[in-house]
Each structure stands twice: as structure tokens, then as C-alpha cells.
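Undergrad: need a 3D model of the following:
(3 chains)
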Amino acid sequence: MTTLFLLVPVALPVLGALVYLVFGWRPATAWVSAASAAGVLAAAILIAVEVAAGPRTAIAGLLRVDALSAFMLIVIGAVALLATAATPAHLRAEIDAGRATARTAARHSVLVQLFLAAMALAVSAADLGVLWIAVEATTIVTAFLVGQRRTRSAVEAAWKYVVICSTGIALALLGTILLNYAAQHTPATAGLDWAGLVASAHTLDPGVTRIAVALLVIGFGTKAGLAPLHAWLPDAHSQAPAPVSALMSGVLLSVAFYAVLRVKVIADAALGTGFTRILLVIMALASLLLAASLLLAQRDYKRMLAYSSIEHMGLLALAAAVGGPLAMAAALLHVLGHGLAKGVLFLSAGRILQTTGTSRIERVRGLAARQPLLAGCVGFGVLALIGLPPFSVFASELGIARAGFASGLGPVTAAALLVVLVIAAALIAHTSRMLLGSPPEGPGAATAVPRLPVTAGTALVAGLVVCAAIGVSAGPLSALLHLAAEILTGTR
Amino acid sequence: MSDTTYTQLLDLACGGLLLTAVLVLWRRELAVIIRVFALQGVALAALVGVLAARESSVELGAVAVGLLVLRAGVLPWLLYRALVGAGPALRETRPLVNVAASLLAAAVLALLAYAVAQPLVALAPAPATHAVPVGLTVVLIGFFVLVTRRRALSQLVGFLLLDNGITAIGFLTTSGIGLLVELGVSLDVLLAVLVLQILTTRMRETFGEADLDELRELHD
Amino acid sequence: MSALGVVGGVLQPLLVAAGAPLLVGVTRQVRARLEGRAGPGVGQPWRDLRKLLRKEAITPRGTSEVFRLAPLVLVATTLVVAVVVPFVTTDSALDPVADLFAVVALLALGTVAVALAGLDTGTAFGGMGASREMTIIALVEPTLLVAIFALSVRVGSTNLASIVASTLHDPARVISPVSLLAAVALIVVIVAETGRLPVDNPATHLELTMVHEAMVLEYAGPDLALVELASAMRLTVFLGLLANLFLPWGIATTATALAVLGGVLAFALKVTLLGAVLAVGEVFLAKLRLFRVPELLAGSFLLALLAVAASFFLA
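TA: Below you'll find the model as predicted:
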């Protein structure tokens, strides 16, 4: 396999974007999006097999893929395939309802493809600078996707999204610059590339590195939806079109968190584990508490899902704070499980919004009686999200909790689990109100609900099945997870 | 270039950066603020130009010219276009914190920047790194403007101020972080500003005016 | 006390006292020409003073000694400052007094004396003017101190003569950020302290806007002449201070006749130029609303503080 193969996950979506740019959105091109996502997933799996032997670099050392990057590529590919498989049905329903035109659909598809390319570039970048550029590019590309509907609330969400995320990410740029400064003054004058930074991490000046790491963690933490700069997340995720929400919540947050994890490896080697641990514990607990307090009385189901994303990012931050091979492997598994479950849920939520016309929880009644398949996906999706077996979130949360109690962060882990329990109760209460009960009566309630298109239904069910399957046995993934966890603990 | 002239010119450019940052906080008329922002772009380009002359680096000189075009030309022009589109009622900023208090806050921020930047100066003491607290002050003032201004356009200026400060720190510490990354960063910033400008226009269309107090649709 | 100091100590107060009304005349003439008027000529302030001095001295009923002494205190403090500050010569007649803090305190004393006189009249205007003046001075004095202090940090002395001498010795210092920030701060406070636009309008007697004029509204005859002369001298002193702190060239460093003559001419030229610039600026400025004045002054205070900070940071 040539090293150019590493380019495929970035190049394929760019090609997809070009196709949409030239041919527009029409029945013939409707599935190009899904095909490119499937290609990314296939390439990611092949790359994962390849890098088991060791990291590979491409184009003059600009790209560097190791087991961790390969795993993230798989997550991107899997969730993207899920989201893009449901996209044609979503767009067709929007066009039928007069909320979109073929032009909007074409622009949507171009931007989603570029979004995928930017995320793939972010995780396969060999250095911190390129990673930063790619993460900022995701903000720019998704800004118009968030504001696609052009309503007051959509424009407001887009504005908040760009301002807060760009500011947060600007802090990360400052951190990058300072880390570069520290790296220039090591004996090896390492640049910003991961390998060089990790190798010379112990010679980095601690004073400068401390400032740089704090800025990087807070900056990329903003993009990952961690408190204190989380305010954009519920607005953006609830206003974006369903497939975009699925991608943003399922993968974009994790890609930003991937940056935090990479920085943590360097910080741990340069400063010891204490510094990032305190930082991450504070951010994790703040995010969890915030999500819990706003979930209890939540009245909008898309915002409910968005706050649940903040909760899961908080759990990931906790896992990162715990450190160690078990916690790291569990965190990565959690990224995949959460991505799939949240993807399914956001796509289902989009479908509910299209058929009921409201995003208020109390106005959706008796979904189980009217749309059994959709209701089943929502129900099982929420069960997957709160971590019931056999779904993989159960396994990963268990892993994080075990590692947490073993590592001396017992009280923090216990508090986090308590909050997670409260959130689970809130999610179940809200969802059961939507699913159960008798269908609302009144004018218009008797009209037949359009059936869930087969393709979208298949995608949703497949997402849940995969999520459950990984929960039962990670299979070949476990070797990859093991390797990635070794990279994250600095032992490899 | 002799050591003292180099230090003098470098410090002068930094003084210009600081002065323009304070002026942005000080003045209310958006047209004036945009002009001051353009001046800051000139100061930033001059800073990089001085570093280029010091190191006799053609590449850095080209970066300085690029910065001049982007920060003192293109970005102020974009801001100005957004301002012209706005109605006459929107020509002044409406700060959440009154100007006198925000100026005093800026004084505190300057001291904070100095305290925080100590390890940065200590790593490699040189005239350039001695000026890092100035860049950090500009970053903090930009952040302050971003947080305390209600007009969409003033927030945009705050964001750009933040960015100017970060760029200044970048060049003061290590003469940049590689041409490719530098280009990518500049492109990203330009695109972000373009996106924000388009959103400002859309906000004016949907909300009537780009006053962020009107952003009350989404909340919990 | 050197010979140069004695020469300066005699020449400077004479020059300031004689030249101050002419400086006011120049600013008024420049303004008049820019506004398209013929203007009364440069000598008009002196003619006004002569007229006022010939008049009978009158004080309002019910005023105390404070009212009568205030003009004298104002003139006396300004004269002392004119003696000690290095305007024409680098040496000072009373070297220990040529200190940053002493000079600022002397100038503030004069302002406070006039404000007390304004209160002493017991009229509404006097009290209003005094309260406004106190608001302004509360922000002006710290800025003045901090700005000049920023310049003295690198010299290591608060003696004005040594600050000027060191700038002469090392001209490159003028284009440092410390000088830049301190200069902007000083210009703003000098405009405020001398009651010029946009803080106060010296040409108005409109009750809503006047500050300085409100305090001295009750003065007439020779007392008014003293007050007018003193305000003109304060303007000269401040402009001279600004000129010599940042552009000290031409100042006499030796006691030869030629050097001293050069010093006198250079000083007159610099101050006249600054006065003309001030007048040109006033044509284009509108008066600031009173409650916006603290914003302006807080800004200049911040700049002065940043100047001090920069003098430590960038050292």
C-alpha cells in the first residue's frame, strides 16, 4: 500500500464536494454523499490494519496516521455513513415541505462533504498547526449548515456558534504558538509535529508549557463543548439540519476532544499528570453538572440531545483526567458508541420534527402508536445513550468508572456517576413522555403519517445494531483500541 | 541594523499595537474604530517588517507585506462594507460596561498580562520576547471587547483584535510557525470574518438590526 | 546653584509672563483666521490686560480673603513653576524644587485656590464651576503624575532637569513606546487642565458648559487681569513642559549668551507652534458632554499607566 492511500479519507469527500458543485443535487447524485462516506470508512479500516505495525506518514510528513488516528477515522467514517445514508430521505422531505430547494440541498451536500474532509484532515494531521487549521475549517464550513434554515433562531445559533467557537479556537492557536516557542528552545528544536513533540516533551520549559497546555485544553475544549465555553452547543445542535446535528454531535465534538487527548500526552510528559488532571476534572464536573441541571426541566427534544452530548463530553474529559490504558481505551470506545447512538437519535429527532412540526417534548405524544419503527429507534437509542447493556456505552462507562476508582479519583468518579444517573432518569422521563400515551386528538391529527423511508430506517436500525454488537464484543477493534490507548498513555 | 535601533523600532511598533487597542476601547464611533483597527494592522505589519529586516529574511518580509494587505486593507474594508450596510442608528457601539470602567479594566488586564507572561520572557530573554506582554495585553483587551460589546460589528472587531494580538505573540516568540501553517491560519481568519460578515447581514435581514440584545430566541 | 541656573531662573519667569498673553493672542488669531474672521491681532490679550489693570478693584459683597488671595496664589505658583522648570536652560535655579511631584503640586495648588474662590462667592455659577473643576482635576493630577513618572523611570530620577538632560543625551528615546504613550496621555490632560476644547471652551459664557469661566465669573478689574494672566501663563507652562519633555532640542546647556539666546528662541518657537496646533485642533473639535469627560480622562490615565508599565516591561 502506498503512503498516498492515507490521503483517501481526505481526498474522497473533496471529490464528493466537487461532484455536487458541478452536478448539483439530483436523484443521480443523491447517493454520492453516502458512497464517499462508505469509502472513507473502508479506507479507514484498511489504514487501521496497515498502521498496526507502526505509524505511517505521507506528503512530506504533513500527514501522519497512527492507531489513534486510524481509530478516529473509523469513527468519522461510521457516523458519516450513518448520517449520509439518512440524508437523501431528509432532504427530499424538506424539499417536499417547501423548506428547501434543490439548490439548498446541493449546497448542503457540498458543505457536508467538505466538513468530512476537514475532520479527516484534523485526525490525520502530523502536526498541531495543521490540526488547528482543520478544526477551525470545520467551524467555517458548518456555520452555514447551522444557519441553513435562515430563521431568526437559526441565524442566531449560527452567529453564536461562529463567535464562540472561533474565539475558543483562537485561544488554542495562542497555545499552539506558545508550545511551538517552547519546542524551539529544546535541545532538539522540535517543531509542532506530534512525534517530535512527544520525543522532546521532557525538555520543554515547564512554565511556558503550562500556559500553552491550559490554553490548548480550554480552546479545543470549547470546540468539544466542554464547560465553561459550551454556550454555542445546544443552540447550534438544535438548529442545524438533522444529519448535520448527527455529525456535529457524533464526531465533531470527538475530533476536538482528540486534539485535547494529543495535547495531554505531551503535557503529561512535560509537566507530570497532575496539571492536566486538575484542569480536566474541573471541566468534566462543570460540564456534567451543567448538563444535568439543564436536562431536568428541558422542554425541547433536540436541545435535550445536545445537553446529553455535553454530558458525554464531560465523561470523556473525566476519562482523560483518570488516564491509564483502561480509561483511555474506554474513552475511545465511548467516542464510537456515543457517536453511533447520538447519530441515530439526532436523525430520528429530525424525522420527528419533520412529521410533527414541533420540537417541543410535550407536543409530541404517542409516537409509539403512530410511528412504531421511529419510536423504537428513539427508545433503543436513548437506552444505548444512558448506558444500558448490551450497548457499547455500557462497557465504556463501566471501564471509565473502574479506572476512575482504581486511580485515586474515587470521589470525583462517584460524583460523576451520580450525576450520570440523574441525567439518565431525566432522559428516560422525557423520552417516555414522547413515546407513550395516546396520540393527540384534534384537527389534522387523523391524517396518515408518512412512512419512514426504507433507507433511513435501515440506517437507523443498523446504527443501533452496530452499537450493540460492539458492546457485546469489540472483536478486531480491541487490538486497535489497545494500540491507541498505548499511544495515549505515552508508552508507545 | 544596530541593536538599539532594532529595539527602538520593535518597541515602537508594540507601542502602536497597544495604543490602537486602547483606542478601540475608548472610542464609540464604529467608523473610527475600524480606522483604528486598520492602523493596528499597519503596526502589526511594521512589527513583522522590523523582525524581517533584523533577520534579513525575504520570506518574513513577504509575510509582512501579506499581513499589511490583509490586516490593514482587506479586513477593515470588509468591516467598513458591513458598517455602510447598517443604518445610521448603528454607527455607535453600545458597551455593556461604560467606557471609563472598561478603560480601568484594561489597565488591570495589562498588569495581568505582564504577570502571566513572566515565564514566556524568562525562557529566552531578548528584545522581542520582552514585548510579549504587549501582545498578550492586546489579546486580553480583544477578549474584553468581544465580551462587553453588544453590536455585532464591535464583537467582530474584538475578535480581530484578539487575533492581531495572537499573531503578534507568534512573531515575537518564534518569527512565525512555518509558512504553510501561517497561510492556513490567515486563510481561516479571513474566512471566519467573511462568514461573520454574511451572518451580520442575515441578522439585519431577520432581526431588523444587528444588535445582539435581540438574540433572545434560544435559551433555557 | 550654577550661573546657568541663575540665568534660567531670571529669564524664564520674565519670558513666560511677557509671552503668555501673546501666546493666547496667537491661538485666538489662528482660530479667527481658520474660521474666516479677521481676528483682533496678537496683541489683543495684552491690551485687554492693560484695560483691566487700570480699572478700580471691586470685590463682591460677602466674599472673604480667600476670594482676594486666590489670584495672587495662582500667579505666584505659576511663576515659581516658571522659575524652576527647565524651559530655556537645563539647569534650574532652585534645583530641589524642579521635581516632578513639587511642580505638579504647585500647579494643583493654584487650581484649588481658584476653585475655593469660586465657592467663596456663594453664587450658583461659582459653585458649579468649582465642582466641575474638582471632578476634572481629580482625574487630571494622577494622570499627570503617572505620565511624567513613566518618563522618569528610565532616568532614575524625578528631577525634571535630569529627565530633559537625559533625553538630550539620548535622542532615540523619543521614539520609544513609553514616550509615545506618555505623550498622548499628557496632551489629553494638558488640554483638560488648561480648559481648552473638547473639555472646556475658553470662549464661552454659556452657563451649561463653562467650567473655568464659571469660577472666575465674579472677578473684575485688576483681579480679573491677574486671573487672565495666570491662566495664560499656565497654558504656556504646560505647553513648554510638553515641548521640553519630548523635544528638548535647542535648550541652553551652557551659560554663553548665544546659547541662552538660542534657548529663548527655541522655547518661544516650540510653544508658539504647539499653541497654533492647539488652536487648529480646536477648530475641528466640538465640546464633549460633561459626563463624557471622565471617559476621556480615564483613557489618558490608562495610557499613562501603560507607559509606566512599558517602561518596566520593555526595559
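
Undergrad: excluding covalently adjacent residues, which one is nearest to A:Ala468?
TA: Nearest residue to A:Ala468, sequence neighbours excluded (Cβ to Cβ, 6 or more residues apart in numbering or on different chains): A:Pro390, at 4.9 Å. Any C-beta I mention is one placed from the backbone N, CA and C, and that applies to glycine too.

Undergrad: the one you found against A:Gly471, yeah?
TA: Yes - counting by Cβ atoms under 8 Å, A:Gly471 is a contact partner of A:Pro390 at 4.6 Å.

Undergrad: who's more crowded, these two?
TA: Under the criterion of other Cβ atoms under 10 Å in any protein chain shown, the comparison of A:Pro390 against A:Gly471 puts A:Gly471 first, with 21 against 15.

Undergrad: for C:Ala57, grab the count of nearby residues.
TA: 11.

Undergrad: how close does it get to chain B?
TA: Using Cβ to the nearest Cβ, to the nearest Å, we find C:Ala57 at a distance of 42 Å from chain B.

Undergrad: could you look up the SS state of the most centrally placed residue in chain B?
TA: With distances taken as Cα atoms, centre = their mean, B:Leu161 lies nearest the centre of chain B, 2.0 Å away. Of the three states, B:Leu161 takes helix according to DSSP: H, G, I helix; E, B strand; the rest coil.

Undergrad: repeat for A:Pro88
TA: helix.

Undergrad: ok, it touching A:Thr29?
TA: No - between A:Pro88 and A:Thr29 there is no contact under Cβ under 8 Å: 9.7 Å.

Undergrad: these two - which one has more neighbours?
TA: Counted by other Cβ under 10 Å, A:Pro88 and A:Thr29 do not tie: A:Pro88 has more neighbours, with 22 against 19.

Undergrad: which residue packs closest to that one, ignoring adjacent ones?
TA: Using Cβ to Cβ, 6+ apart and skipping residues adjacent in sequence, the residue nearest A:Pro88 is A:Ala30, 4.2 Å away.

Undergrad: ok, now which ones touch the residue in chain A positioned nearest to chain B?
TA: Using Cβ to the nearest Cβ, A:Gly207 is the residue of chain A that sits closest to chain B, at 2.8 Å. Listed by Cβ atoms under 8 Å, 6 or more residues apart in numbering or on different chains, the contact partners of A:Gly207 are B:118-120, B:122-123.

Undergrad: please repeat the previous calculation with a cut-off of 10 Å.
TA: Taking Cβ atoms under 10 Å, 6 or more residues apart in numbering or on different chains, we find A:Gly207 in contact with A:182, A:271, B:118-123.

Undergrad: next, the contact list for the residue nearest to A:Ala468, please.
TA: Going by Cβ under 10 Å, 6+ apart, A:Pro390 touches A:383-384, A:467-473.

Undergrad: now it: how far from A:Phe380?
TA: 11 Å (Cβ to Cβ, to the nearest Å).

Undergrad: shaky segments in chain B?
TA: Scanning chain B for pLDDT under 70 picks out the ranges B:1, B:86-91, B:93, B:175-177, B:180, B:208-217.

Undergrad: what about A:Leu421, how many residues nearby?
TA: Counted with other Cβ under 10 Å, residues neighbouring A:Leu421 total 13.

Undergrad: now the one 10 residues further on
TA: Applying other Cβ under 10 Å, we find 23 other residues in the vicinity of A:Thr431.

Undergrad: let me see the contact set for residue 39.
TA: Because you didn't say which chain, this covers chain A. A:8-9, A:11-13, A:15-16, A:77, A:81.

Undergrad: to clarify, I was referring to chain C.
TA: C:25, C:28-33.

Undergrad: that one in helix, strand or coil?
TA: Assigned by three-state DSSP, the conformation of C:Gly39 is coil.

Undergrad: name the nearest residue to the residue of chain B found nearest chain A, sequence neighbours excluded.
TA: Nearest to chain A, among the residues of chain B, is B:Pro119, at 2.8 Å (Cβ to the nearest Cβ). Distances taken as Cβ to Cβ, 6+ apart place A:Gly207 nearest to B:Pro119, at 2.8 Å, with adjacent residues excluded.

Undergrad: and that neighbour, how far is that from chain C?
TA: In terms of Cβ to the nearest Cβ, A:Gly207 sits 17 Å off from chain C.

Undergrad: with A:Ala78 instead?
TA: From A:Ala78 across to chain C, the span is 52 Å (Cβ to the nearest Cβ).

Undergrad: grab the nearest non-local neighbour of that residue.
TA: A:Leu41 (5.9 Å).

Undergrad: correct me, but the one you found touches A:Gly77?
TA: Yes - using Cβ atoms under 10 Å, A:Leu41 is in contact with A:Gly77, at 3.0 Å.

Undergrad: these two: which is more packed in?
TA: Neighbours around A:Leu41 and A:Gly77, counted as other Cβ under 10 Å, are more numerous at A:Gly77. The numbers are 25 against 21.

Undergrad: next one: the helix or strand hosting the more buried one to chain centre, how far?
TA: Per DSSP states H and E, A:Gly77 falls inside helix A:67-96. Computed by Cα atoms, centre = their mean, to the nearest Å, the chain-centroid distance of helix A:67-96 equals 11 Å.

Undergrad: off-centre distance for the next helix-or-strand element following it?
TA: Once helix A:67-96 ends, the next helix or strand along the chain (criterion: DSSP H and E) is helix A:102-124. Relative to the mean C-alpha coordinate of its chain, helix A:102-124 is positioned 15 Å out (Cα atoms, centre = their mean).

Undergrad: what are the buried residues along helix A:102-124?
TA: With burial defined by 16 or more other Cβ atoms under 10 Å in any protein chain shown, the residues of helix A:102-124 counted as buried are A:104-124.

Undergrad: and after that helix, which helix or strand comes next?
TA: helix A:128-146.

Undergrad: secondary structure of A:Pro439: a helix, I assume?
TA: No - assessed with three-state DSSP, A:Pro439 is coil; it does not lie in a helix.

Undergrad: anything in the helix or strand A:Ala429 falls within near chain B?
TA: Under the criterion DSSP H and E, the helix or strand holding A:Ala429 is helix A:410-435. No - on the criterion Cβ under 10 Å from any Cβ of the partner chain, helix A:410-435 is out of touch with chain B, staying 13.2 Å away.

Undergrad: one step back: can you tell me the helix or strand for the residue nearest to A:Ala78?
TA: Applying DSSP H and E, one finds A:Leu41 within helix A:32-51.

Undergrad: if you count neighbours, what's buried in that helix?
TA: A:32-34, A:36-41, A:43-45, A:47-48, A:50-51.

Undergrad: the top helix by length along chain B: how far from the chain's middle?
TA: Assignment by DSSP state H gives helix B:179-207 as the longest helix of chain B. Here the centre of helix B:179-207 is set off from its chain's centre by 15 Å, with Cα atoms, centre = their mean.
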